[in-house]
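**Student:** everything below, folded, please.
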Amino acid sequence: MADIGCGPGRVSGFLAGIGVEVRGVDLSPGMIDVARRGHPGIPFEVASMAALPFRDGELAGALAWYSIIHIPQDRQDAVFAEFARVIRPGGRLLLAFQVSEQGDEDVVHLRQAYGHELDLRTRRQSPARVKARLAEAGFTLRAELVREPVAPEKSRQAFLLAQRTADSASEAAAAS
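**Tutor:** Next up, the predicted model:
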């Protein structure tokens, strides 16, 4: 399994702790350094969500836990296609993200977080739009939860579980 956009490795560490074989990837070398220090038994590497370091169909599953919030809409189709490339047919994908109340997407500009000054834009998104893009990439929705914010959150939170559908090559191999 892959933790895509793993940040400091918190979720990867949880998964490894319950026996899941997991690898973490993140675009930020600094985050990967933190993840490696905090979870030395888990393989972490610097990689983009748009060019994952996995073979076609290598993964039984993946999660992108609040990591698609960093991807502009015009690049999400390519990212979801990349997820479909590396997740084998029948494999699962779990996404978590903040919900937009203003349409397909609203951008939040953070100038301070976690006690640090920064310049970061995140995107709240429409669950309906994300579901449609997942379907176009080759995933079937299996479960959806949208919950109200819990302090200090400022927006509803969405959790989508999708399954990679079989592609025509996989279907032909299964039929023979």
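
**Student:** give me the most central residue, the chain.
**Tutor:** In the chain, the residue lying closest to the centroid (Cα atoms, centre = their mean) is residue 64, at 1.5 Å.

**Student:** which residues does the nearest residue to residue 93 once chain neighbours are set aside contact?
**Tutor:** In space, residue 93 comes closest to residue 162 once its chain neighbours are excluded; the distance is 4.8 Å by Cβ to Cβ, 6 or more residues apart in numbering. Bear in mind the C-beta positions are built from the backbone N, C-alpha and C, glycine included. Applying Cβ atoms under 8 Å, 6 or more residues apart in numbering to residue 162 gives the contacts 92, 93, 94, 95, 134, 139, 140, 141, 142.

**Student:** just the element for residue 162, please.
**Tutor:** strand 157-164 (DSSP states H and E).

**Student:** contacts for the strand ranked longest in the chain, please.
**Tutor:** In the chain, with assignment by DSSP state E, the single longest strand is strand 87-98. With contact meaning Cβ under 8 Å, 6+ apart, strand 87-98 is reached by 57-66, 68-69, 83, 108, 122-125, 130, 134, 139, 142, 153, 155-167, 170.

**Student:** pull up the gap between residue 135 and residue 93, please.
**Tutor:** Distance of residue 135 to residue 93, given as Cβ to Cβ, to the nearest Å: 12 Å.

**Student:** more neighbours, these two?
**Tutor:** residue 93 (25 against 14; other Cβ atoms under 10 Å).

**Student:** returning to what we had before: phi, psi of the residue lying closest to the residue nearest to the centre of the chain once chain neighbours are set aside?
**Tutor:** Counting by Cβ to Cβ, 6+ apart, residue 64 lies nearest to residue 4, which is 4.6 Å off, once chain neighbours are set aside. Backbone torsions for residue 4, taken as degrees, to the nearest 10, come to phi -90, psi 120.
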